[in-house]
Structures are given as structure tokens and as C-alpha cells.
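Visitor: Have a look; sequence and predicted model below, questions after that.
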Amino acid sequence: MISAYPRVVIAIPTYRRPHDLTRLLTALPPVIERASGLCASVDVLVIDNAGDAAAIADAGDVPVRYVREVRRGLAAVRNRALDEAADADILVFIDDDETPAEESWLERLLAAQQSSGAGVVAGPVRTVVPGGLDRWIVAGGFYARAHRQGLRTLDPIGSAASNNLLLRLADVRRVGARFDERFGRSGGEDSLFTSQLRAAGVLMVWCADAVVLDHLPAERRTREYALARSRGMAAAGTRVTAVLAGPSRARRGYVRASAAAIGSTRLVVGALRRIVGWLTGSTRSDARGARDIARGLGAWEGAVGRSRHLYGDDIGSTESMSSERQGAA
């Protein structure tokens with residue numbers, strides 16, 4: 001039988017998470033075996049942004065190709081994956097702190113691509129927290145991923161995150177798409193990348209049953225991180241929208257003005273929600289209000305061209321873009 005895909009590459013960006021990386025690598029052999037009917041070969045590529053090669057020693061039976069990317073940020077790492085997989089047919093991204101929920105994960109992504117002819121297939125991410133989360137964080141919906149719960153397999157989508165993502169590389173090469181490295185520390189590089197593919201006519205579909213589990217580390221279970229994440233995602237979202245608006249100063253100005261207006265509304269609504277929470281003792285109102293305020297501040301930061309680091313050693317710090325760079329992002 002001729003395999004549908006001569007070569008598939010599973011790319012794993014990693015940064016100082018050797019134990020998480022080992023957990024993922026040791027989970028992959030049955031996943032790869034299950035998908036063997038669809039692909040002639042599957043390579044596992046680890047792109048390390050820190051240089052902790054010791055984790056590869058615990059890879060078990062998985063043949064791993066290890067490369068180090070010295071440029072900092074997720075966008076640079078993902079671009080390195082595109083370069084390393086230049087002769088592959090399919091590139092699949094999964095994060096180092098995730099594991100496939102089922103052995104059929106890769107097989108289902110490939111089957112969705114094969115049946116739809118899509119250039120991009122994305123799947124759900126389910127957060128797993130040993131011992132549970134702070135009830136305030138749960139009440140605030142900080143890690144809720146409900147926006148695509150109603151989608152079915154092969155439903156079209158307009159953008160996607162890259163922590164459970166299949167790319168048909170022929171489409172990526174045709175468009176000439178790359179991850180924008182201005183978003184490497186703030187996040188948003190994946191939604192911009194996939195939105196640009198979609199704008200170029202690349203079909204993108206959802207695969208509801210190709211689930212990965214996101215094992216939330218202890219340092220990301222705090223209220224401080226949850227708020228910083230919401231704020232940073234809002235800032236990145238504004239900047240992504242500004243880039244997608246194109247070179248027109250008027251359009252970018254409209255995007256930034258709209259973001260500032262939305263941010264202001266969220267600040268007011270968030271403050272009112274927190275007041276209600278304090279007066280009534282409602283944890284949900286207090287937490288949702290705090291999240292609204294964080295998102296409002298983030299929208300304002302994005303509107304004035306500031307990015308907030310969500311990756312690396314200085315999470316939560318901000319970076320002001322030069323006037324030249326603001327013109328593009």
C-alpha cells in the first residue's frame with residue numbers, strides 16, 4: 001500500500017522543560033505507530049531555544065533530531081522548524097508541555113487533512129491541572145477554551161493556535177508564509193501566520209477528535225500569571241489585527257482606535273464587576289472583573305504599540321516598539 005504522506009515531521013519547540021519534554025517524547029511511539037498506515041515515515045524534531053540537550057537522553061525508543069535555535073522567541077523556533085522540514089510533506093506542531101490525549105491523535109489529524117484537502121488542520125487543547133486550580137482562576141474563566149466547543153471535524157476555521165496544528169507544507173511554500181518574529185516573545189505569531197494563510201486562500205479546518213492535553217505547570221497556576229496572560233493575549237491580539245489591516249495608515253489607525261475603545265469599555269465593565277463581587281461576595285464577579293480589566297489594559301497596550309512578554313525568563317515585562325516598527329505592527 002502506498003502511504004498518503006511520504007514524510008511527516010512532528011516539531012516540538014522547547015524551552016527549559018526537560019521533564020515535560022521527556023513525558024511527551026515517551027508518549028509518541030504508539031502515536032506514530034498508529035499513524036503508520038498513512039505515512040511512510042515520521043520524524044520527531046526538537047527545537048531547543050535554551051540548549052538543554054540532556055532531555056534527549058530520556059527519549060526512550062523515539063528517534064529524535066535535535067537542533068538548537070539561538071534566536072529567542074517562539075516565532076524564530078517555529079521558523080526553524082519550517083526550515084528543518086523543508087523536504088517534508090506535513091509538519092505538525094505540538095508544545096513541549098503537552099501530550100496527545102489518545103494514540104490516534106496524529107492519525108486523526110492526517111485523516112482530516114486527507115479527506116478535506118486542507119492546508120491547515122487544528123485540534124482542541126484541553127488543560128490538565130494536577131490537584132486542580134485556584135477556584136478564583138476557574139471562576140474567572142482564565143483557562144477556559146470554549147470558543148470552539150461547538151465545532152465539528154472538518155468545519156472551516158479562520159485562524160488557529162500552533163500548539164496542536166498540522167500544516168501541509170506545499171501550501172506554506174506556495175504562499176511564502178513565515179512566523180513574524182516581532183511576536184516571538186508576546187505570542188500571537190501563530191494566529192497571524194494562519195490568518196495570512198487563510199487570506200491567501202488556504203483551506204483551514206477543525207479536527208474535533210484530535211485532542212492534546214496541556215499540562216499546566218505550577219508557575220502558571222497563579223493569579224498573577226493568569227492576569228498577565230490575559231493582558232498579554234489582548235495586547236498581542238490588537239497587534240495581530242493591526243498587521244492584518246495591511247499597509248494603510250487609516251486602517252491601522254482605525255484598528256488601534258477601536259482597540260482603545262474596547263479596552264476602555266472593558267476597564268469600566270471590569271471595575272463594576274469587581275465592585276459587585278466585593279459587595280456580594282461573588283468570586284465569579286470579582287474574577288471576571290479582574291480578567292476584564294487585564295484584557296482592557298492589554299488592548300490599550302496593543303493600541304499604543306506595546307507588547308507584553310508571555311514567553312522566556314521575563315514574563316510580564318513590556319517592550320515598546322519603535323515608530324518604524326509600529327507602522328507594521
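Guide: Looks like it arrived, so ask away.

Visitor: buried sites along the lengthiest helix in the chain?
Guide: For the chain, the helix with the greatest residue count under DSSP state H is helix 249-280. Using 16 or more other CB atoms under 10 Å as the burial criterion, the residues of helix 249-280 that qualify are 252, 255-256, 259-260, 262-263, 266-267, 269-270, 273-274, 276-277. For every residue, glycine as well, the C-beta is placed using N, CA and C.

Visitor: ok, now stretch 63-82?
Guide: Buried-residue list, stretch 63-82, by 16+ other CB under 10 Å: 64, 69, 72-82.

Visitor: So which residues of this structure form strands?
Guide: Using DSSP state E, the strands of the chain run over residues 5-14, 39-48, 64-68, 90-94, 98-100, 120-122, 125-128, 164-168, 204-206, 212-215, 306-308, 318-320.

Visitor: Check those strands for me and report the most buried one.
Guide: Most buried of the strands of the chain, by mean neighbour count (mean count of other CB atoms under 10 Å): strand 120-122, with a mean of 27.

Visitor: by contact count, what packs against it?
Guide: Strand 120-122 sits against helix 105-116, strand 164-168, helix 189-199, strand 204-206, with contacts defined as 3 or more CB pairs under 8 Å, 6 or more residues apart in numbering; DSSP states H and E.

Visitor: Determine which stretch of the ones you listed is the most buried.
Guide: Most buried of the helices and strands packed on strand 120-122, by mean neighbour count (mean count of other CB under 10 Å): strand 164-168, with a mean of 26.

Visitor: gap between that one and the chain center?
Guide: The chain centroid and the centroid of strand 164-168 are separated by 12 Å under CA atoms, centre = their mean, to the nearest Å.

Visitor: Run the angle between it and strand 90-94 for me.
Guide: Angle, strand 164-168 to strand 90-94, by axes from the mean of the first three to the mean of the last three CA atoms, to 10 degrees: 170 degrees.

Visitor: Number of residues surrounding residue 147?
Guide: By other CB atoms under 10 Å, 7 other residues sit near residue 147.

Visitor: Kindly report the same for the one 5 residues further on.
Guide: Around residue 152 there are 10 other residues, counting by other CB under 10 Å.

Visitor: Please apply the same query to the one 10 residues further on.
Guide: Counted with other CB under 10 Å, residues neighbouring residue 162 total 23.
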